[in-house]
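the sequence isn't on hand, but the structure is:
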């Protein structure tokens, strides 16, 4: 591997959704720098942060229909049995919900947690309270997907947060998705909820860091029972 290959493999590509924001940040930096040089350097730092926010790295996705992988980078904030949002049509009985909270430094490209077909996409307007709060699942602006998988319908809900003001989803009902395939993003801090069909066992604990497309959130067909964790 030569120096060029090393640099190319080190640099993480920026998702096309971020191009316009990076350009705006840079232009504003130039304008501010015209009036005061220190403001240019502050703007340049913010421009680099914007490019970092919209990064879109490659991921190595487990190829196993018995696994549900994380749809987002971030921290596991909730693992509990919860009644899913009514618009998803997943019934009125509690399902295992695993939530991944993304701060403004996490990669915000969202990936499918399973292989399957998109059956439902439902958008709901709402508030913009802290996405880490449990009530954000019902109160905040959100976009829900239902993916028909090998083990039943999996719900994935993109939830806007206190800073987030834009949910992007570029798939449509009827489209197939592979596990780990990109389907959307949320701009500037947010959360994703995954509703696991009956029979799935959690494989993460609250506080654990998750990597989109790689970290296994839940597993089917295992006799090991729920996974437990502790801080150390």
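Noted; the coordinates are in hand. Everything numeric here is computed off the predicted structure, so don't read it as measured data.

C-alpha only now, for contacts and for neighbours.
Will do.

how about the strands in this protein?
For the chain, the strands defined by DSSP state E cover 67-69, 74-82, 95-102, 109-111, 116-124, 142-149, 152-160, 167-169, 176-177, 182-186, 190-196, 200-202, 209-210, 216-220.

and these: which comes nearest residue 52?
Nearest to residue 52 among the strands of the chain is strand 109-111; the distance by CA to CA comes to 11.8 Å.

centroid residue for the chain?
residue 72 (2.9 Å; CA atoms, centre = their mean).

surely it meets residue 103?
No - counting by CA atoms under 8 Å, residue 72 does not reach residue 103; the two are 10.9 Å apart.

wait, which of the strands of the chain is closest to residue 57?
Comparing these by their distance to residue 57 (CA to CA), the top pick is strand 109-111, with 9.1 Å.

okay, now the unreliable bits of the chain?
Scanning the chain for pLDDT under 70 picks out the ranges 1-12, 127-138, 161-165, 188-189, 223-232.

so who does the residue lying farthest from the centre of the chain touch?
Distance to the chain centre peaks in the chain at residue 35, reaching 38.7 Å (criterion: CA atoms, centre = their mean). By CA atoms under 8 Å, 6 or more residues apart in numbering, the contact list for residue 35 is empty.

how about the one 4 residues further on?
Residue 39 makes contact with 29, 32, 33 under the criterion CA under 8 Å, 6+ apart.

how close does it get to residue 28?
Separation of residue 39 from residue 28 (CA to CA, to the nearest Å) stands at 10 Å.

how far away is residue 180 from residue 80?
Residue 180 is 23 Å from residue 80, by CA to CA.

okay, the two: which has more neighbours?
Under the criterion of other CA atoms under 10 Å, the comparison of residue 180 against residue 80 puts residue 180 first, with 26 against 14.

could you dump the strands of the chain to JSON lines with distance to residue 17?
JSON lines is the format used below for the strands of the chain (distance: least, CA to CA, whole Å):
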{"stretch": "strand 67-69", "distance to residue 17": "23"}
{"stretch": "strand 74-82", "distance to residue 17": "20"}
{"stretch": "strand 95-102", "distance to residue 17": "18"}
{"stretch": "strand 109-111", "distance to residue 17": "10"}
{"stretch": "strand 116-124", "distance to residue 17": "20"}
{"stretch": "strand 142-149", "distance to residue 17": "18"}
{"stretch": "strand 152-160", "distance to residue 17": "17"}
{"stretch": "strand 167-169", "distance to residue 17": "9"}
{"stretch": "strand 176-177", "distance to residue 17": "20"}
{"stretch": "strand 182-186", "distance to residue 17": "9"}
{"stretch": "strand 190-196", "distance to residue 17": "17"}
{"stretch": "strand 200-202", "distance to residue 17": "32"}
{"stretch": "strand 209-210", "distance to residue 17": "23"}
{"stretch": "strand 216-220", "distance to residue 17": "27"}
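
closest one to residue 48 among those?
Of all those, it is strand 109-111 that lies closest to residue 48, at 17.4 Å by CA to CA.

what's in contact with the closest one?
So strand 109-111 is contacted by 54-56, 70-72, 179-186, 212-213 (CA under 8 Å, 6+ apart).
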